[in-house]
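Novice: following is a predicted model, sequence given first.
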Amino acid sequence: MRALARVQEWYGPHSSTSAEWPVDALMMAKGETTVSVVLPARDEESTVGDIITTIRRDLIERTALVDEILVVDSNSTDATAERAREAGARVVAQNDVLPHLPPLTGKGEALWKGLAASKGDIVVYIDSDLRSFGAHYVSGLVGPLLVDRGIHFVKATYERPYVGADGSVQRGGGGRVTELVARPLLNMFWPELAGFAQPLGGEYAARREVLERLPFVTEYGVEFGLLVDLLHLVGLDAMAQVDLGHRTHTHQPMAALGRMAGQIMQTAWSRLERQGRVLASEPPAHTLLQFGLEGEAGLVDVAVAERPPLASLVLEEDLA
């Protein structure tokens, strides 16, 4: 009950809507602070260009809220990189960033490489498959960071509809892994974080100095791991969420969601071990046996690797 009371105490003062952060007011608060928008992208040629065009038009040309748009091309096989460049973003290939390190895979790797390649004091992460994107996604997320120096991390919340193959819309039907895996885990082990309505959402912003002190899980457990690690690093009162309205994007098939769920559970286990809250004689299995519609079975690996805090890497190189 104390955890619930803590969430209720936090929720009101730390939750807002994007309309509460108008761009004109943010420009007055921006000063010398620089803002980078980082988009991890893999085979998103149909959406990435429109997102970049909106950011450039509304937040760079009409007003100077954003200083940099960076796309991390995560080994795309389509024209993602070309569409991003045409729209005006700086594009880097994931494996070309810190090339002396052995390459890893997954979304978290792209986010970590994006942090290393970007320059802004505030880093905004935006998924590249959004079909509902507006400039308020960025301005809403940076608003609390520009206005309140005590806020270090801002997570997006939104209504996530599920759009079926026939075009039918089920309100609130999106975010299936959130509801079935992430939210139960948070409520069980980190109930202070239960107030985050979209813990796995790919839209969030933070101060560079904080992000560089965090490890990044390289697969789809990255958002879960960042939330848990941020709670330990900066505390709940330095975290906030902003309602951006609604979010539509490309839905993953059920088998892919199963792999995501496995990676999130692996991430949660690693945090519980690190915090000394579980003790096991052997590590959990990292394979997942999945079955197709015709009963065929396939074994997939849901293990997650982890990149160290970027600040520690820079320090090691400086000392070498």
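Specialist: Looks like it arrived, so ask away. Residues are numbered from 1 along each chain as shown.

Novice: mean confidence (pLDDT) on stretch 203-218, please.
Specialist: Averaged over stretch 203-218, pLDDT sits at 98.

Novice: whoops, stretch 63-77 was the one
Specialist: Stretch 63-77 carries an average pLDDT of 97.

Novice: quick check: buried residues in it?
Specialist: Across stretch 63-77, burial judged by 16 or more other C-beta atoms under 10 Å covers Leu65, Val66, Asp67, Glu68, Ile69, Leu70, Val71, Val72, Asp73, Ser74, Ser76. Any C-beta I mention is one placed from the backbone N, CA and C, and that applies to glycine too.

Novice: in which helix or strand would I find the fifth one?
Specialist: In the assignment (DSSP states H and E), Ile69 maps to strand 68-73.

Novice: thinking Leu70 is in contact with Arg90, fair?
Specialist: Yes. Assessed by C-beta atoms under 8 Å, Leu70 is found in contact with Arg90 at 5.2 Å.

Novice: in a helix, Thr157, correct?
Specialist: No. Under DSSP: H, G, I helix; E, B strand; the rest coil, Thr157 falls outside any helix and is assigned strand.

Novice: give me the neighbour count for it.
Specialist: 21 (other C-beta atoms under 10 Å).

Novice: contact partners for it?
Specialist: Residues in contact with Thr157 (C-beta atoms under 8 Å, 6 or more residues apart in numbering) are Ser15, Phe196, Ala197, Gln198, Gly201, Gln241, Val242, Asp243, Leu244.

Novice: same check on Ala285?
Specialist: Counted by C-beta under 8 Å, 6+ apart, Ala285 has zero contacts.

Novice: where does it land in three-state SS?
Specialist: Relying on three-state DSSP, one would call Ala285 coil.

Novice: next, give phi and psi for it.
Specialist: With angles defined as degrees, to the nearest 10, Ala285 sits at phi -60, psi 150.

Novice: that one and Met188: what is the separation?
Specialist: Ala285 is 20 Å from Met188, where distance means C-beta to C-beta, to the nearest Å.

Novice: so what's the spatially most central residue of the chain closest to, chain neighbours aside?
Specialist: By C-alpha atoms, centre = their mean, the chain has its centre lying nearest to Gly202, at 3.5 Å. Computed as C-beta to C-beta, 6 or more residues apart in numbering, the closest residue to Gly202 that is not its neighbour in sequence is Asp127, at 3.6 Å.

Novice: equivalent analysis for Ile151, please.
Specialist: Distances taken as C-beta to C-beta, 6+ apart put Pro144 closest to Ile151, at 4.5 Å, once the chain neighbours are dropped.

Novice: I figured that neighbour hits Ala156, correct?
Specialist: No. Contact between Pro144 and Ala156 fails when scored by C-beta under 8 Å: they sit 11.6 Å apart.

Novice: what touches both of those two?
Specialist: Residues touching both Pro144 and Ala156 (C-beta under 8 Å, 6+ apart): Val242.

Novice: could you export the longest helix along the chain as CSV, CA atoms only?
Specialist: What stands out as the longest helix in the chain, according to DSSP state H, is helix 254-274. Taking Å, rounded to 0.1, in the frame of the first residue of the first chain, the C-alpha atoms of helix 254-274 are listed here in CSV:
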residue,chain,number,x,y,z
MET,A,254,2.6,-12.7,-32.4
ALA,A,255,5.9,-14.7,-32.7
ALA,A,256,7.9,-11.5,-32.6
LEU,A,257,5.9,-10.3,-29.5
GLY,A,258,6.8,-13.6,-27.8
ARG,A,259,10.5,-13.0,-28.5
MET,A,260,10.2,-9.4,-27.1
ALA,A,261,8.5,-10.8,-24.0
GLY,A,262,11.3,-13.2,-23.5
GLN,A,263,13.9,-10.5,-23.8
ILE,A,264,12.1,-8.3,-21.3
MET,A,265,11.9,-11.1,-18.8
GLN,A,266,15.6,-11.7,-19.3
THR,A,267,16.2,-8.0,-18.7
ALA,A,268,14.1,-8.0,-15.5
TRP,A,269,15.9,-11.0,-14.2
SER,A,270,19.3,-9.4,-14.7
ARG,A,271,18.2,-6.3,-12.8
LEU,A,272,16.8,-8.4,-9.9
GLU,A,273,20.2,-10.2,-9.8
ARG,A,274,22.1,-7.0,-9.9
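
Novice: could you list the buried residues of that helix?
Specialist: Burial within helix 254-274, assessed by neighbour count using 16+ other C-beta under 10 Å, is assigned to 257-272.

Novice: averaged pLDDT, it. What do you get?
Specialist: Averaged over helix 254-274, pLDDT sits at 95.
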